[in-house]
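*Asks:* I would like the atomic coordinates for the input below:
(2 chains)
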Amino acid sequence: MDGDDIKTQLPHRYPFLLVDRVLEREPGVRVVAEKLLTINEPYFQGHFADRPLLPGVLMLEMLAQAGGFLESEPLAGKPIFLAQVLDARFKEAAFPGDKLRLEVSPDASFGGLMRIKGTVSCEGRVLCTAQLLLKSITNPKGAA
Amino acid sequence: MSDLKTEVKTMIIERLKLEGMTPEQIDDSAPLFGEGLGLDSIDALELVLGIEQHFGVKIEDEAAGLQAFKNVESLTAFIAEHRAA
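*Replies:* I've put the predicted structure just below:
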């Protein structure tokens, strides 16, 4: 899944669509997606001018957007909201040229909230792990 | 106060990190959400997990779960009813 298919699933657009490709997708169970970082990303202009590196919070946003593919129905017109961030750990930085692997799976859900576990990695190195609570997504298969 | 009620209150306090609160301070019939304890929907998910881990009771039916979350009284009754013997 890439390009227009991703735009069908997620309401996000330039410069804030942070998923380039979906490699594996099993709604309600697991999603593996990719984000390729290029030097042209708008945030690298100021973060930082002399040493571009990816802001850690954007890794959380990437995981949240990857989480949007856990839902079987398109989210267009039904945006997802981040309700809570738990135990976010930034272990290494990401730089222009990195191909980021975004892996997410649901952990629990109740009352329109879904908690997911996510990992951002690059060439086998874990850069970030976090649990996120997403609102207005229902897990089609119930809590894992 | 029944032991199970105290256990439920202790679980709520620990799970939701209601620091400085004791089981005695939670009224059996006061609403858990909104007024009363003032919990929100994020706390509800945390409680669902706490109930599952602590008491082995899974809340699969959301309507039944929301009914049980009315107060400590109803939550204790729900756990007692669904708990494995």
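
*Asks:* wait, B:I12 sits on B:L47?
*Replies:* Yes: if you go by Cβ atoms under 8 Å, B:I12 and B:L47 touch, sitting 6.8 Å apart. Yep, even glycine has a C-beta here, placed from its N, CA and C like the rest.

*Asks:* residues contacting residue 82?
*Replies:* In the absence of a named chain, chain A is used. A:L60, A:E61, A:A64, A:L132, A:L133, A:L134, A:K135 (Cβ atoms under 8 Å, 6 or more residues apart in numbering or on different chains).

*Asks:* correction: the question concerned chain B.
*Replies:* Here B:H82 is in contact with B:V57, B:K58 (criterion: Cβ under 8 Å, 6+ apart).

*Asks:* can you point out the buried residues in stretch A:31-39?
*Replies:* A:V31, A:V32, A:A33, A:E34, A:K35, A:L37 (16 or more other Cβ atoms under 10 Å in any protein chain shown).

*Asks:* other residues contacting that stretch?
*Replies:* With Cβ under 8 Å, 6+ apart, stretch A:31-39 has contacts from A:18-25, A:52, A:54, A:62, A:65-67, A:69-70, A:94-105.

*Asks:* ok, A:E26 - how many residues close by?
*Replies:* 13 (other Cβ atoms under 10 Å in any protein chain shown).

*Asks:* for it, name its beta-bridge partners.
*Replies:* Counting by DSSP bridges, A:E26 is bridged to A:R30.

*Asks:* name the helix or strand for A:I39, please.
*Replies:* Using DSSP states H and E, A:I39 falls within no helix or strand.

*Asks:* let's have the buried residues of stretch A:31-39 in a markdown table, adding pLDDT and secondary structure.
*Replies:* Converted to a markdown table, those look like this (pLDDT from 0 to 100; DSSP: H, G, I helix; E, B strand; the rest coil):
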| residue | pLDDT | secondary structure |
| --- | --- | --- |
| A:V31 | 98 | strand |
| A:V32 | 98 | strand |
| A:A33 | 98 | strand |
| A:E34 | 98 | strand |
| A:K35 | 98 | strand |
| A:L37 | 98 | coil |
